[in-house]
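Undergrad: need the 3D shape of this:
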Amino acid sequence: MKIKKLIVFTLGTACSLTFLSGCIAEAFEKEISVTFMNEGEVVGSGTVTQFKNIKSPVIDDAYVPQNYRFLGWTYYQESQLDLSNPTNFKTQYIGGGRMVHYMDVRDASKDQKITLQALIMHKDDIPKDYHYTVIAWYDKVATSGLTQDKINTFENNLKSYLLAEGVSQEDVNTVVLRGYSGNVGPTTGQILYDDDVDIMLGWGSLDNISTTGSIPVEMVRESKEYKVMYDGTLKNRHVHRISDNPGGIKAMEYILSEACTSFFAN
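TA: As a prediction, this is how the structure comes out:
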């Protein structure tokens, strides 16, 4: 589908000064009818104006093929999607469950109507931002003992270590520490869904994350117990490496070092 740009005239040329306020009101009252479709079936619809937004539908994971992801809704044809640039790609669809605004669809609408198609892609085909490593931490302090302050210090220490080990500043700037809050089941499910985590920090044993949670045992490359001091008590926690990403391997070396284990235990 070729995306056509609407020509925008200034209100001064479209309306006389006498009827300026009326023209503004008329422009703002324009509606765009939005239809959401998936494989030829309508799954939702609504109208948007300058003052009215609508929430986009969500396709349940149960209706999405294994290893595929429902990302949201797009008016772009498949050949128009920019799969070479994650940042540009994210601007080409509206995330499922997100609000649809008038400006999101105005330029691509025709006769005040637009159809948005479900964007469902294989997880390996989804453009991803480059990260030297992604470390998930269990953001459930009563269980993991990990506070945001402790994680902030850990992040600074890790980055200093990586720089001292010869990792470039450019790579170090892409290191991500991402908190996951909730119970073991939902958090491990989200980690699998995100599909970019190298290390899990703060969860329980391998048996815990693979039975109560949903991390396959064969996915875990390395698993170690360590202690975290929280509220005067040492908690027995684990760190799991779940990828062979070189950045993750290097980060794991630091996490298992005496300096880092002492930091968490004190």
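
Undergrad: low-confidence regions, the protein specifically.
TA: 1-29 (pLDDT under 70).

Undergrad: strands of that one, start to end?
TA: Ranges of strands in the chain, per DSSP state E, are 32-38, 41-48, 54-55, 68-74, 94-95, 99-100, 113-122, 134-138, 176-180, 199-203, 222-230, 233-241.

Undergrad: what's around Thr147, how many residues?
TA: If you count neighbours by other C-beta atoms under 10 Å, Thr147 ends up with 14. Quick note: C-beta positions are derived from backbone N, CA and C, even for glycine.

Undergrad: ok, and the closest non-adjacent residue to it?
TA: Using C-beta to C-beta, 6 or more residues apart in numbering and skipping the chain neighbours, the partner closest in space to Thr147 is Val141 (5.6 Å).

Undergrad: now stretch 227-244: buried residues?
TA: 227-228, 230, 235, 237-243 (16 or more other C-beta atoms under 10 Å).

Undergrad: pick out the most distant pair among these.
TA: Taking every pair in the buried residues of stretch 227-244 and measuring C-beta to C-beta, the maximum separation is 27.4 Å, between Tyr230 and Ser243.

Undergrad: okay, now the closest residue to His101 other than its chain neighbours: neighbour count?
TA: Spatial nearest neighbour of His101, chain neighbours left out: Asn53 (5.2 Å); criterion: C-beta to C-beta, 6+ apart. Taking other C-beta under 10 Å as the criterion, the count of residues near Asn53 is 15.

Undergrad: for Asn53, give me its contacts.
TA: 99-102 (C-beta atoms under 8 Å, 6 or more residues apart in numbering).

Undergrad: hmm, 7 Å instead?
TA: Neighbouring residues of Asn53 by C-beta atoms under 7 Å, 6 or more residues apart in numbering: 99-101.

Undergrad: narrow the residues you listed to just the buried residues.
TA: Val100.

Undergrad: export the contacts of Asn53 to JSON lines and tack on distance to Gly44?
TA: JSON lines is the format used below for the contacts of Asn53 (distance: C-beta to C-beta, whole Å):
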{"residue": "Met99", "distance to Gly44": "13"}
{"residue": "Val100", "distance to Gly44": "10"}
{"residue": "His101", "distance to Gly44": "16"}
